[in-house]
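Chemist: Sequence plus the predicted model coming up.
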Amino acid sequence: MRTIGLIGAISIGIGGMVGGGIFAVLGEAVSLAHGATAVAFFVAGLVALLTAYSYAKLSVVYQSEGGTVTFIDRAFGDNILSGSVNLMLWLSYLVTISLYATAFASYGETFFSHKSLWLHHGLISIAIILPAIINLVSASFVSKSETLIVVIKVTLLILVIVAGASYVDTSRLSPANWGTPLSIVVAGMIIFVAYEGFELIANAAEEIKEPKKNLPRAFYASVLIVIFLYVLIAVITVGNVDEATLMKAKDYALAEAAKPSLGHTGFVIVAFAALLSTFSAINATIYGNARLGYIIAKDGKLPRSLMDEEKGSGVPFKGVLYTTLLSLILANSIDLTAIAIIGSAGFLLIFFLVNISALKLYKTIEANRFVLLISSIFSALALITLLYHTYSSNPNAIMIFMSFIITSMLFELIYGRYVRGEIFSRKYHIKK
């Protein structure tokens, strides 16, 4: 039974994107793009919008809670590539949880007069452990309140935009204060993780009413709305606060941006909004990643222990535990910049493969081959640009990202081919 209308579907997309990423990566964008931070967000949004076309076309034909996993499997079949990408997607969500938890800690620290390493890591750990407990006790809590949380988050962002509009110093936005073209593009790719959540619409495709009409509308509308919000937030942030102050408050730059127009009260409101956004995003992502592990395990591409569910709750118990443990390790051992880079690189790689999948299936999904080709080229260039810049500026992040790829491939080679044995074929239900 289909229960989600167009507004609900758009809410899923917006909620997935405005889930905490903007709070975490805004300072990173300013440090690279400077006065062109809004341009960087637009560039990242353009890549997201092009990829949304592929998702929209694929989701209409292949309606499945597997979403991205289903699309890649349908295009490439059961082989090392599809198996590796499935695990890579699962690992990328671990990075996303770590990013949100680090942002939660950064904004949470602003409520304390004395900061310390113990406080920072304590807040990170609380931000992951508490949502994990909520998932195990009452997984439906966040899903039932998600629309309300999305409304609160977007409303607070709009409040910052409206209140700060008259305080913008346009000279700070002039091309004279822009970074280099390369640094602007790199900034956009580092913050790309703030856009990745639109793909969650695909996971809910089976529940969306009139999917042929509403799925494409939901993808395009949610991405366009978020691009508009992000660009305006970037304008307000850079236009209201001098860069030196923003860099000092880099990890909680959006709260600092509310000060000129709303004073300390505005700072507190945005900091609280950041805590709410990141916490709800972590909660939803822990559940989503546990479900993803369940789906992949059901296809025999991860250990079947990930299919264990808590009786009566429908929660993949071991999936939640594994997700929580690995996220804690990542979040407490990697700095915010590296996490943002790894997260963005992971999703750019996966979105590139989704675009290629759509291109390969363009006749079946009745898509424009030229648009899919452009989408594939843009996502590939975006990933290459990010990796090229990061190789010289943050080689540690490159090493971790490559270790994810190698781990995914080795796991598929060893587990997929020698432990799992012959993989059973997935039964796809194609709905038109």
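Modeler: Thanks, I have the structure now.
Chemist: Leaving out chain neighbours, which residue sits closest to residue 182?
Modeler: Leaving aside its sequence neighbours, residue 182 sits nearest to residue 389 (Cβ to Cβ, 6 or more residues apart in numbering; 6.9 Å). Quick note: C-beta positions are derived from backbone N, CA and C, even for glycine.
Chemist: I'd say that neighbour and residue 184 touch.
Modeler: No. Residue 389 is beyond contact range of residue 184, at 11.1 Å (criterion: Cβ atoms under 8 Å).
Chemist: just to revisit the earlier point, would you mind giving me the confidence score for the residue nearest to residue 182?
Modeler: For residue 389, the model assigns a pLDDT of 85.
Chemist: Against residue 333, how distant is it?
Modeler: 23 Å (Cβ to Cβ, to the nearest Å).
Chemist: One more: residue 132?
Modeler: Residue 132 sits 18 Å away from residue 333 when distances are taken as Cβ to Cβ.
Chemist: which residues in the stretch 1-150 of the chain form helices?
Modeler: 6-17, 21-33, 37-61, 68-76, 80-108, 117-138, 140-164 (DSSP state H, counting those that start in this stretch).
Chemist: quick check: angle from the first one to helix 37-61?
Modeler: Following axes from the mean of the first three to the mean of the last three Cα atoms, to 10 degrees, one obtains 130 degrees for the angle between helix 6-17 and helix 37-61.
Chemist: Could you list the buried residues of the longest helix along the chain?
Modeler: Longest helix of the chain, by residue count under DSSP state H: helix 259-298. Buried residues in helix 259-298, counting neighbours by 16 or more other Cβ atoms under 10 Å, are found at 259-262, 266-267, 269-297.
Chemist: Next: stretch 404-411.
Modeler: 404-405, 408-409, 411.
Chemist: pLDDT averaged over it - what is it?
Modeler: 88.
Chemist: Show me how far it is from its chain's centre.
Modeler: In terms of Cα atoms, centre = their mean, to the nearest Å, the centre of stretch 404-411 is found 21 Å from the chain centre.
Chemist: mind exporting that stretch as PDB, just the C-alpha atoms?
Modeler: As requested, the backbone C-alpha atoms of stretch 404-411 are provided in PDB (Å, rounded to 0.1, in the frame of the first residue of the first chain):
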ATOM      1  CA  PHE A 404      37.900   1.700   2.000                       C
ATOM      2  CA  ILE A 405      37.900   0.800  -1.700                       C
ATOM      3  CA  ILE A 406      40.600  -1.900  -1.200                       C
ATOM      4  CA  THR A 407      38.800  -3.300   1.800                       C
ATOM      5  CA  SER A 408      35.500  -3.400  -0.200                       C
ATOM      6  CA  MET A 409      37.200  -5.200  -3.100                       C
ATOM      7  CA  LEU A 410      39.100  -7.700  -1.000                       C
ATOM      8  CA  PHE A 411      36.000  -8.500   1.100                       C
END
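Chemist: any residues touching it, and which ones?
Modeler: 80, 84-85, 87-88, 91-92, 342, 346, 349 (Cβ atoms under 8 Å, 6 or more residues apart in numbering).
Chemist: Now do residue 176: how many residues are near it, please.
Modeler: 9 (other Cβ atoms under 10 Å).
Chemist: State the three-state secondary structure for it.
Modeler: When classified by DSSP: H, G, I helix; E, B strand; the rest coil, residue 176 comes out as helix.
Chemist: So it versus residue 170, what's the distance?
Modeler: 12 Å.
Chemist: What of residue 128?
Modeler: For residue 128, the distance to residue 170 - Cβ to Cβ - is 41 Å.
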